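1. the sequence and its predicted three-dimensional model are supplied below.
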Amino acid sequence: MKKYLKELLYYLLAGLIIWYCMILITDGVHIKQSIISSIEMCMNIIIPSLFAFMAVSGIVVSSGLYRLLSKPFSLFSRYVLGMPSSLFSIFLISNIAGYPLGAKLLSDMYDKRCIDVTTAQVMQCCCFGAGPAFLCYVVGLELYGNTTIGLIIFLSCAISNAIIAAVVCRIADLKVTSKKSGIHFSSEIITDSVLSAGKSLVGVCTLIVFFSTFLSALDHYGLLGMISHRVGIKGADRFLRSMLDISNLSGLQSPSYAAIPVIAGVCSFGGICVFMQIKTLTANRYSLKYFLLTRPFACILSYANCLWLKKIMLPESMQAFAESEKTFVKMNNFVPSVCLILMIFLLKIKKRVAFSKRV
């Protein structure tokens with residue numbers, strides 16, 4: 001029976017691929033526009049916001065600096081979160097730097113044999129967040145013209161991750177390999193971290209571009225609009241898109257003040273596209289089953305956290321401002337991103353030349 005189900009799955013997958021290829025041919029104009037839009041988003045938002053954090057996080061892990069950064073929080077980490085103190089810096093960076101950073105950090109630590117498979121799987125459940133840069137400027141400013149709202153959403157997601165960490169870290173036996181060698185820096189560590197960050201960003205951006213064509217294919221048949229119409233909630237179409245790709249949040253049309261907790265829940269979920277990015281970065285090093293099981297709980301917690309944080313940080317007198325104020329923030333980092341890509345390319349060539357000379 002299992003054999004027949006597996007064969008049926010292959011037939012369904014082949015049918016989906018054929019259907020997808022037909023849409024690429026028949027609806028080429030919209031597919032082209034979606035690709036252009038996704039590339040612009042990668043160049044203007046994804047690369048500028050993630051590259052520096054990815055490079056620095058690689059240096060933090062490779063140099064062993066993460067152990068030093070975790071020491072001031074050792075009591076909080078051990079007794080509140082139930083997490084080995086040396087892992088707190090990984091948890092902190094993952095929640096402030098952007099969605100894929102947690103997977104990148106944990107993968108690097110796993111490759112260096114600092115943690116085992118179980119520790120990586122459990123830590124992935126709480127090392128996942130959009131970061132204040134994305135939420136305050138892309139969500140807070142673009143949607144409401146108020147960075148405070150973005151900060152509320154960030155804190156809601158971060159607190160939910162801390163609650164999940166306090167539960168899962170006590171259930172599982174987390175192990176961190178303690179190395180006697182101290183902190184060490186070298187030009188090779190910096191170069192390798194920069195190149196690794198560039199390689200990881202290529203995978204992330206490629207998936208974003210591909211996923212935009214998939215959304216365009218769904219639009220070809222009006223499937224997203226049909227589902228949102230069935231739900232009967234204003235803006236359900238855009239929220240559904242955001243559950244597939246979180247970058248679609250920036251396209252919400254005049255969201256209401258009451259929608260802020262819902263946005264917090266969606267941001268805590270992250271979206272299917274982000275899940276695929278994490279899968280690419282982990283490259284089957286460890287399973288994501290625990291991570292996927294805990295995400296729905298994180299959404300509920302973020303929604304609940306946002307309700308009380310909103311009352312504290314956003315008084316009633318600011319509601320009218322939050323709903324009516326418009327902003328015309330337009331991020332344009334295209335040229336700097338191109339320069340950054342060229343810099344990584346040249347650095348890669350220089351490293352190869354230096355290696356060939358040594359050989």
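-> That came in fine, so what should we check first? Numbering: from 1, shown residues only.
2. grab the nearest non-local neighbour of the one residue sitting closest to the centre of the chain.
-> Centrality entry for the chain: nearest residue to the mean C-alpha point is Tyr99, 1.9 Å, by C-alpha atoms, centre = their mean. Distances taken as C-beta to C-beta, 6 or more residues apart in numbering put Val274 closest to Tyr99, at 4.7 Å, once the chain neighbours are dropped. Every residue, glycine included, has its C-beta placed from N, CA and C.
3. the one you found and Pro100 touch, don't they?
-> Yes - counting by C-beta atoms under 8 Å, Pro100 is a contact partner of Val274 at 7.2 Å.
4. can you check the pLDDT for the residue nearest to Tyr99?
-> Val274 is assigned a pLDDT of 86 by the prediction.
5. that one sits in which helix or strand?
-> Using DSSP states H and E, Val274 maps to helix 272-282.
6. the helix or strand following that helix packs against which elements?
-> Downstream of helix 272-282, the next assigned helix or strand under DSSP H and E is helix 289-313. Helices and strands in packing contact with helix 289-313 are listed as helix 117-124, helix 147-171, helix 260-269; criterion 3 or more C-beta pairs under 8 Å, 6 or more residues apart in numbering; DSSP states H and E.
7. can you list the low-confidence ranges for this protein?
-> Along the chain, the model assigns pLDDT under 70 to residues 1-3, 28, 49, 178-182, 220-237, 250-251, 253-254, 316-359.
8. longest helix in it, please.
-> helix 187-220 (DSSP state H).
9. same for it, what does it pack against?
-> helix 2-26, helix 28-41, helix 47-63, helix 223-231, helix 236-244, helix 272-282, helix 334-358.
10. again, 6 Å this time
-> Where contact means 3 or more C-beta pairs under 6 Å, 6 or more residues apart in numbering; DSSP states H and E, helix 187-220 is packed against helix 2-26, helix 28-41, helix 47-63, helix 272-282.
11. thinking again about what came up before, the residue nearest to the centre of the chain: what secondary structure?
-> Three-state secondary structure (criterion: DSSP: H, G, I helix; E, B strand; the rest coil) places Tyr99 in coil.
12. need phi/psi at it.
-> Note on Tyr99: its backbone torsions stand at phi -50, psi -50 [degrees, to the nearest 10].
13. would you confirm that it contacts Met276?
-> No - shown here, Tyr99 and Met276 do not form a contact pair, counting by C-beta atoms under 6 Å, at 11.1 Å.
14. if we can go back for a sec, quick check: buried residues in the helix holding Val274?
-> By 16 or more other C-beta atoms under 10 Å, the buried positions in helix 272-282 come out as 273-278, 280-282.
15. and of these, the nearest to Val61?
-> Taking C-beta to C-beta as the measure, Val61 lies nearest Leu281 of these, at 13.5 Å.
16. now that closest one: how far from Glu7?
-> Note on Leu281: its distance to Glu7, by C-beta to C-beta, to the nearest Å, is 31 Å.
17. then Ser38?
-> Distance from Ser38 to Glu7, by C-beta to C-beta: 34 Å.
18. pick out whichever of the two has more residues nearby.
-> Ser38 (24 against 10; other C-beta atoms under 10 Å).
19. that one: what's it in contact with?
-> 208-209, 212 (C-beta atoms under 6 Å, 6 or more residues apart in numbering).
20. go again using 10 Å as the cut-off
-> Neighbouring residues of Ser38 by C-beta atoms under 10 Å, 6 or more residues apart in numbering: 46, 205, 207-213, 215-216, 245, 247, 273.
21. skipping its backbone neighbours, what lies nearest it in space?
-> Nearest residue to Ser38, sequence neighbours excluded (C-beta to C-beta, 6+ apart): Ser212, at 3.7 Å.
22. next: Thr118.
-> Ala172 is the one closest to Thr118 (C-beta to C-beta, 6+ apart), at 5.9 Å.
23. quick one, the longest helix of the chain and helix 272-282 angle?
-> Relative orientation of helix 187-220 versus helix 272-282 (axes from the mean of the first three to the mean of the last three C-alpha atoms, to 10 degrees): 150 degrees.
24. fine by me, we can end here.
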